[in-house]
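Trainee: The sequence and its predicted three-dimensional model are supplied below.
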Amino acid sequence: MPVGEPGAMPTYLLTGVAGFLGSHLAERLLAAGHRVRGVDCLRDYYSPALKRLNLEGLEGRPGFQNLELDLATAELEPLLEGCAGVFHLAAQAGVRSSWGQEFHCYTRDNVLATQRLFEACRGRRLEKVVYASSSSVYGDATTLPTSEESELRPISPYGVSKLAVEHLARVYHDSFGVPTVGLRYFTVYGPRQRPDMAFHRFLRRALQDQPIPVYGQGQQTRDFTYVEDAVEATFSAMVRGREGRVYNIGGGERTTLARTLELLEEHLGRPIRREYQETQTGDVGHTSARTTLAREDLDYAPRVGMSEGLGRMVAWFTRTWQARAEMRQG
Ligand SMILES: NC(=O)c1ccc[n+]([C@@H]2O[C@H](COP(=O)([O-])OP(=O)(O)OC[C@H]3O[C@@H](n4cnc5c(N)ncnc54)[C@H](O)[C@@H]3O)[C@@H](O)[C@H]2O)c1
């Protein structure tokens with residue numbers, strides 16, 4: 001039964017359910033009356049306690065099942081039993097930590113885990129297998145806004161691992177008919193954002209009255225996407241996504257880092273100290289998504305602009321600051 005048909009109660013497998021995007025998507029699916037079989041191994045890349053907090057609104061709700069399993073090692077066939085479709089969000093995220101010794105986490109959780117999941121999907125009747133890719137596959141894009149046909153030339157090992165995920169999706173689709181649909185998210189933000197991501201780090205430092213490192217002059221731009229908009233696109237991809245396709249998902253409002261700091265100051269009602277530093281290797285200068293394809297196929301229309309989205313994130317952050325501070329990494 002497709003997502004969006006009320007009363008049908010299909011079950012969707014959702015990997016990475018305890019993460020930032022996964023926990024929001026699970027709530028969205030349950031709100032639409034669907035069942036969610038969530039999977040996460042609570043990797044300690046950031047505090048598992050924070051991930052348990054992400055699950056708080058889900059545990060015990062009718063239709064929600066939570067399985068603590070590692071996709072890189074667990075037997076995956078049983079997970080798919082009775083599932084109408086798959087949302088695959090589990091991954092080792094993060095650009096900067098993908099250099100050096102930790103790259104094996106990226107091959108394990110992005111490449112190997114995804115290959116095992118696609119393998120388990122072979123020969124099954126599934127609506128779609130919607131998977132998370134990233135704007136990082138473009139690297140330093142030469143054309144802005146960047147369309148899906150642009151050159152894929154990642155400039156970080158993380159981007160390389162996400163491009164490998166896209167190629168796996170293509171070969172499992174072309175060779176075995178696995179109905180893959182990829183989403184290239186452009187920097188998602190909002191409540192529960194990962195603690196290693198920029199706005200989360202900025203807010204943490206601002207509330208501790210520490211300076212915020214600004215790489216370069218803060219003139220790099222990002223197409224930030226509010227989490228609700230990213231979740232709507234993901235939800236819609238199960239019904240409307242065209243098999244084998246990959247879609248850009250961006251917020252549509254390219255903003256400089258310097259401007260986002262001003263907006264954060266407005267919402268916090270206090271000044272933020274800046275500490276200017278060298279640009280980091282692997283960080284792209286600008287991102288901007290052309291979302292024509294997602295608009296046409298997925299009916300995608302981002303609704304939350306930067307100022308409103310940052311206001312909501314600041315409200316969440318200040319409300320939950322104490323509880324997360326007690327978990328040290330929050
Ligand atoms: N947040 C963003 O701005 C952004 C941008 C581009 C792409 N993405 C992609 O979207 C997806 C979700 O990102 P997020 O920000 O919510 O990350 P997240 O780290 O909060 O969530 C990912 C979850 O996957 C779980 N996981 C990792 N490896 C696993 C494994 N082998 N088995 C089971 N669970 C495993 C982790 O424990 C984590 O809870 C990821 O694929 C990420 O690469 C995110």
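Mentor: Yes, it's here.
Trainee: from here on, contacts and neighbour counts on C-alpha atoms
Mentor: Will do.
Trainee: Which positions in this structure make contact with the ligand?
Mentor: 16, 18-22, 39-43, 69-72, 89-93, 109, 113, 132-134, 185-188, 194 (Cα under 6 Å from any ligand atom).
Trainee: so of these, which ones are in strands?
Mentor: Cross-referencing those against strands under DSSP state E gives Val39, Asp40, Ala132, Ser133, Ser134, Tyr185, Val188.
Trainee: Who are the contact partners of the residue nearest to the last one when sequence neighbours are not counted?
Mentor: What it means is Val188. Spatially, and ignoring its direct neighbours in sequence, Val188 is nearest to Thr225 (4.6 Å; Cα to Cα, 6 or more residues apart in numbering). Thr225 sits next to Tyr185, Phe186, Thr187, Val188, Tyr189, Ile249, Gly250, Gly251, Gly252, Pro302 when contact means Cα atoms under 8 Å, 6 or more residues apart in numbering.
Trainee: cool, and Ser307?
Mentor: By Cα under 8 Å, 6+ apart, the contact set of Ser307 is Leu263.
Trainee: Alpha carbons of the helix or strand hosting it, as CSV, please.
Mentor: Ser307 is part of helix 306-325, with elements assigned from DSSP states H and E. Presented in CSV, the C-alpha positions along helix 306-325 are these (Å, rounded to 0.1, in the frame of the first residue of the first chain):
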residue,chain,number,x,y,z
MET,A,306,16.0,30.5,6.9
SER,A,307,14.8,33.0,9.5
GLU,A,308,11.8,30.9,10.6
GLY,A,309,13.8,27.7,10.5
LEU,A,310,16.6,29.1,12.6
GLY,A,311,14.1,30.6,15.0
ARG,A,312,12.6,27.1,15.5
MET,A,313,16.0,25.5,16.0
VAL,A,314,17.1,28.1,18.5
ALA,A,315,13.8,27.6,20.5
TRP,A,316,14.5,23.8,20.5
PHE,A,317,18.1,24.3,21.5
THR,A,318,17.5,26.6,24.4
ARG,A,319,14.6,24.5,25.6
THR,A,320,16.6,21.3,25.7
TRP,A,321,20.1,22.7,26.4
GLN,A,322,20.3,21.6,30.0
ALA,A,323,19.3,18.0,29.3
ARG,A,324,21.8,17.7,26.4
ALA,A,325,24.6,19.5,28.2
